[in-house]
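J.: Give me coordinates for this.
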Amino acid sequence: MMPAIGAHAVDTRTGRVGIVMGHEGPYVQLRPYGGGREWDAEPGDVRHATPAERISAATAYTNARSRGEVP
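T.: Take a look at the predicted model:
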């Protein structure tokens, strides 16, 4: 089943974790955890993120923010 808007998902093609922002045409639109530029992923390449993947994405964002790498 396709992740709903607002759900955390993984683009298995790239391994990136994002939040589902919408479904545009044949694509799923994902935005990185913590914000940033959206990207399009093929529906067959998207799956729900596990709790561990969600925590890892949140930790990576928090660490980058503490280093001043993100606003």
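
J.: Tell me where the protein has helices.
T.: Under the criterion DSSP state H, helices of the chain are mapped to 51-66.

J.: could you point out the longest strand in it?
T.: Ranked by residue count and defined by DSSP state E, the top strand of the chain is strand 16-24.

J.: Show me what that strand is packed up against.
T.: strand 8-11, strand 27-32, strand 39-41, helix 51-66 (3 or more CB pairs under 8 Å, 6 or more residues apart in numbering; DSSP states H and E). All C-beta atoms are positioned from the backbone trio N, CA, C, and that covers glycine.

J.: To V17, which of the ones you listed lies closest?
T.: Smallest distance to V17 across those (CB to CB): 4.0 Å, for helix 51-66.

J.: ok so, going back, and the angle for the longest strand of the chain with strand 27-32?
T.: 140 degrees (axes from the mean of the first three to the mean of the last three CA atoms, to 10 degrees).

J.: tell me the centre residue of the chain?
T.: G18 (0.5 Å; CA atoms, centre = their mean).

J.: Rebuild the helices and strands packed on strand 16-24 as TSV, extending it with mean neighbour count.
T.: Below are these laid out as TSV (neighbours: other CB atoms under 10 Å):
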stretch	mean neighbour count
strand 8-11	20
strand 27-32	18
strand 39-41	17
helix 51-66	13
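
J.: Nearest approach to M2 belongs to which of the ones you listed?
T.: strand 27-32 (6.9 Å).

J.: List the strands paired with the closest one, with their directions.
T.: Note on strand 27-32: by DSSP bridges, its sheet partners are strand 16-24 (antiparallel), strand 39-41 (antiparallel).

J.: Tell me which of these approaches A58 most closely.
T.: Of the strands paired with strand 27-32, nearest to A58 by CB to CB is strand 16-24, at 9.1 Å.
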